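Undergrad: Starting from these lines, generate the structure:
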Amino acid sequence: MRLVCAALSAILLLASLAAEAQQNVRVPVEQGGRTVQLAAQLFRPANVATPLPAVAIFHGCGGPGQNTSRMAALLASWGYAALVVDSFSARGLKDICGRNWPTQADAEARAPDIDAALAWLARQPGVDPKRLGYMGYSYGGGVAMLRALSGQPDAPASPSAARAVVLVYPDCALADALGPRLAVRQPTLFAMGALDDWTPVPRCQAVINRVSRGKDLIETKIYEGAHHSFDALGLPVRYLDGVGNRSKPGGCCGAHYGAHEPAWKQFVADVRVFLAKHLAP
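TA: Numbering: from 1, shown residues only. You can find the predicted model right below:
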């Protein structure tokens with residue numbers, strides 16, 4: 001355990017040294033005939049030649065947190081620009097994990113945030129618009145999955161702004177609405193905890209099994225001993241009896257969540273390899 005903690009401390013120290021102070025920005029997205037200005041934080045690496053690859057990060061039902069900021073700092077330490085997008089505050093939302101558990105329609109309405117964030121990144125000086133990716137966590141991972149997958153596998157592949165997608169313990173139940181046959185258009189990594197009972201592995205595997213086009217673009221990493229939010233460092237695993245859970249009958253209720261440091265360490269290594277492979281010049 002001491003070795004694990006020392007390794008984690010070294011990783012976080014590296015990130016803090018390599019990343020410049022983050023910049024608060026706004027990302028415009030069209031919604032219902034009006035423009036919503038999403039709050040976001042842009043992390044850039046220090047002393048790295050441009051143009052940079054860039055990754056947009058989308059939070060779960062609790063809103064942006066330490067896990068998304070930590071990931072952005074790590075990305076900056078690896079030479080990426082990272083944009084942490086807050087989909088909630090501009091819409092008057094804060095935490096929707098409980099009685100306000102988001103519906104399928106809510107998720108589909110949020111999906112354009114991904115398009116808007118990628119378009120915003122592509123316009124930024126020093127960012128390579130041909131080397132973009134995005135990550136989504138939990139509910140945000142389910143929303144990201146709606147963008148990564150298509151329910152029209154026989155349709156001609158359309159150009160995608162993203163060259164890589166990372167789905168972190170995603171809410172795979174959101175893919176039910178896409179239909180029985182799916183297509184994947186870009187390399188996509190599913191990263192999941194083996195003990196997750198909020199967004200369980202079998203639910204995501206069932207989604208992957210429905211992919212009839214592009215399945216070779218999918219990578220799956222399952223971390224043994226890990227529950228939901230295995231990257232919530234310092235938070236012991238506990239049971240939340242009031243949270244919505246799309247994987248239970250009627251969408252309710254209860255799930256375990258909490259940190260598993262060995263899983264997080266391996267996850268960090270897996271993401272680094274995956275992005276280096278697919279966002280290389």
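Undergrad: Every contact and neighbour count from this point should use C-alpha atoms.
TA: Fine.
Undergrad: residues contacting Thr232?
TA: Actually, residue 232 is Ala rather than Thr. Counting by CA atoms under 8 Å, 6 or more residues apart in numbering, Ala232 makes contact with 66-67, 258-260.
Undergrad: one more time with 10 Å
TA: 65-68, 70, 257-261, 264 (CA atoms under 10 Å, 6 or more residues apart in numbering).
Undergrad: Are any of those residues buried, and if so which?
TA: Neighbour-count burial within the contacts of Ala232 applies to 67-68, 70, 257-261, 264; the criterion is 16 or more other CA atoms under 10 Å.
Undergrad: Could you single out the nearest of the residues you listed to Val85?
TA: Nearest to Val85, judged by CA to CA, of those is Thr68 at 9.3 Å.
Undergrad: Can you list the buried residues in stretch 203-216?
TA: 203-204, 207-208, 211-215.
Undergrad: Over to stretch 90-103?
TA: Within stretch 90-103, the residues that qualify as buried are 96-98, 101, counting by 16+ other CA under 10 Å.
Undergrad: and that stretch, how far apart are its ends?
TA: 19 Å (CA to CA, to the nearest Å).
Undergrad: residue ranges with poor pLDDT in the chain?
TA: The chain contains residues with pLDDT under 70 at 1-21, 157-159.
Undergrad: so where do the strands sit in it?
TA: Counting by DSSP state E, the chain has strands at residues 23-31, 34-43, 52-58, 81-86, 127-137, 149-150, 164-168, 182-184, 188-193, 211-213, 218-223, 238-240, 255-257.
Undergrad: Just checking: what are the partner strands of the fifth one?
TA: Which is strand 127-137. Here the strand partners of strand 127-137, with direction, are listed using DSSP bridges: strand 52-58 (parallel), strand 164-168 (parallel).
Undergrad: Does Ser160 touch Pro187 like I think?
TA: No. Using CA atoms under 10 Å as the test, Ser160 is too far from Pro187 to be in contact (11.2 Å).
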